[in-house]
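Trainee: generate coordinates for the sequence data below:
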Amino acid sequence: MKKIVFATNNRHKLEEIRKITAGTLEILSLSDIGCNEEIDETGSTLDENAMIKAAYVQERYGYDCFADDTGLEVEALGGAPGVYSARYAGDACRAEDNMQKLLSEMKNLDNRKAHFRTVIALRLEGETHLFEGVIRGAIIREKRGSEGFGYDPIFVPEGYD
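Mentor: Below you'll find the predicted structure:
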């Protein structure tokens, strides 16, 4: 079975991708390859951050790999939090802090349209391939449900209520 590194330390993401690829790919984590350093996301876009992480792993450790960056983009906030989604309420914040900041900023807004955008950079033999996925939906006014992570408790995809 082909091995490929997923350039993340996020266990939720690792669990999801391992379920999706079970039996077809062996997904290695950064810790599986001995990468214990934090890869700085210094890009100003989701694309740049994904490419930075994928290139870092391949150039330093020699593995084919993929990396992602995901942002929640809210229409009424001009696309914020966007590339800053994970640290919207500050560098050392928790997911709950990010949600509360977003809900506070949207308290008096009628336009609740938002979408999650994920960019995946796949590095195979030194070449980078970019992929993008978008899930459109809306920000609800209070948390709901107990599944998922990040902003999931306040985001409802189109077609659901």
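
Trainee: spatially central residue in the chain, please.
Mentor: Within the chain, the residue whose C-alpha comes closest to the C-alpha centroid is Thr70; the distance, by CA atoms, centre = their mean, is 3.0 Å.

Trainee: hang on, isn't that one packed against Arg117?
Mentor: Yes - A contact is recorded between Thr70 and Arg117 when judged using CB atoms under 8 Å, the distance being 6.9 Å. Yep, even glycine has a C-beta here, placed from its N, CA and C like the rest.

Trainee: follow-up on the earlier one: ok, now which ones touch the residue nearest to the centre of the chain?
Mentor: Going by CB atoms under 8 Å, 6 or more residues apart in numbering, Thr70 touches Leu46, Ser85, Phe116, Arg117, Thr118, Val119, Gly150.

Trainee: again with Asp40
Mentor: Applying CB under 8 Å, 6+ apart as the definition, the contact partners of Asp40 turn out to be Ile52.

Trainee: repeat the analysis, applying 6 Å as the threshold.
Mentor: Shown in contact with Asp40 (CB atoms under 6 Å, 6 or more residues apart in numbering): no residues.

Trainee: quickly note the distance from the closest residue to Cys65 other than its chain neighbours to Ile20.
Mentor: Once its chain neighbours are removed from consideration, Cys65 has its nearest residue in Val5; the separation is 3.8 Å (CB to CB, 6 or more residues apart in numbering). Taking CB to CB, to the nearest Å as the measure, Val5 and Ile20 are separated by 16 Å.

Trainee: more neighbours: those two, which one.
Mentor: For the pair Val5 and Ile20, the greater number of neighbours falls to Val5 (24 against 10), based on other CB atoms under 10 Å.

Trainee: doesn't that one lie inside a strand?
Mentor: Yes - under the criterion used here (DSSP: H, G, I helix; E, B strand; the rest coil), Val5 sits inside a strand.

Trainee: in contact with Gly71, which residues are there?
Mentor: When the contact criterion is CB under 6 Å, 6+ apart, the partners of Gly71 are Leu46, Gly82, Val83, Ser85, Arg117.

Trainee: which helix in the protein runs the most residues?
Mentor: In the chain, with assignment by DSSP state H, the single longest helix is helix 46-61.
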